[in-house]
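Chemist: Show me the folded form of this:
(one chain, ligands or ions: 1)
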Amino acid sequence: MVKTKTKAKKREKCNCGGFKYTYAKANDARKELLAVHVCFKCGRFKGESLSEEVIQLFCTEPELLMHMIHSGYLKRVG
Ligand SMILES: [Zn+2]
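Modeler: Residues are numbered from 1 along each chain as shown. Okay, here's the model as predicted:
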């Protein structure tokens, strides 16, 4: 994250003091279908527009969330 200021959004802070990063599904520019705020310091995350089922899934299988991020399915937006 050593880039010059790109669309500086207010960054949320986690309870642990780390920064939260926002990832969103980016196949539809008009509307973010889902967004996830992740703190990589403690692994906490918060979902937006996520069903309870999906949140449970991410809780039990965090690797899935990581995979979605690394594969580019979820794009970093904040
Ligand atoms: Zn945290």
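
Chemist: what's the weakest-modelled helix or strand in this protein?
Modeler: Ranked by mean pLDDT, DSSP states H and E, the helix or strand of the chain with the weakest confidence is strand 45-48, at a mean of 86.

Chemist: Which helix or strand lies directly C-terminal to that strand?
Modeler: helix 52-60 (DSSP states H and E).

Chemist: in the helix or strand following that next one, what's buried?
Modeler: Using DSSP H and E, the next helix or strand after helix 52-60 towards the C-terminus is helix 62-70. Going by neighbour count (16 or more other C-beta atoms under 10 Å), the buried part of helix 62-70 is L65, M68, I69. Every residue, glycine included, has its C-beta placed from N, CA and C.

Chemist: wait, which of those residues is closest to Y23?
Modeler: The closest of these to Y23 turns out to be I69 (C-beta to C-beta; 5.7 Å).

Chemist: Assess the claim that the closest one and T22 are in contact.
Modeler: No. Taking contacts as C-beta atoms under 8 Å, I69 lies outside contact range of T22: 11.0 Å.

Chemist: so what sits against both of these two?
Modeler: Here I69 and T22 have V38, R76 as joint contacts, going by C-beta atoms under 8 Å, 6 or more residues apart in numbering.

Chemist: Next, count neighbours for C14.
Modeler: 19 (other C-beta atoms under 10 Å).

Chemist: In contact with G78, which residues?
Modeler: So G78 contacts K9, R11, Y21, T22, H37 (C-beta under 8 Å, 6+ apart).

Chemist: Any residue of the strand or helix carrying A24 touching the ion?
Modeler: Element membership for A24, per DSSP H and E: strand 20-25. No. Strand 20-25 lies out of reach of the ion by C-beta under 5 Å from the ion, never closer than 7.2 Å.

Chemist: other SSEs contacting that strand?
Modeler: strand 35-39, strand 74-76 (3 or more C-beta pairs under 8 Å, 6 or more residues apart in numbering; DSSP states H and E).

Chemist: out of the ones you listed, which comes closest to the ion?
Modeler: Evaluated with C-beta to the ion, these place strand 35-39 nearest to the ion, the distance being 3.2 Å.

Chemist: I am finished for the moment; much appreciated.
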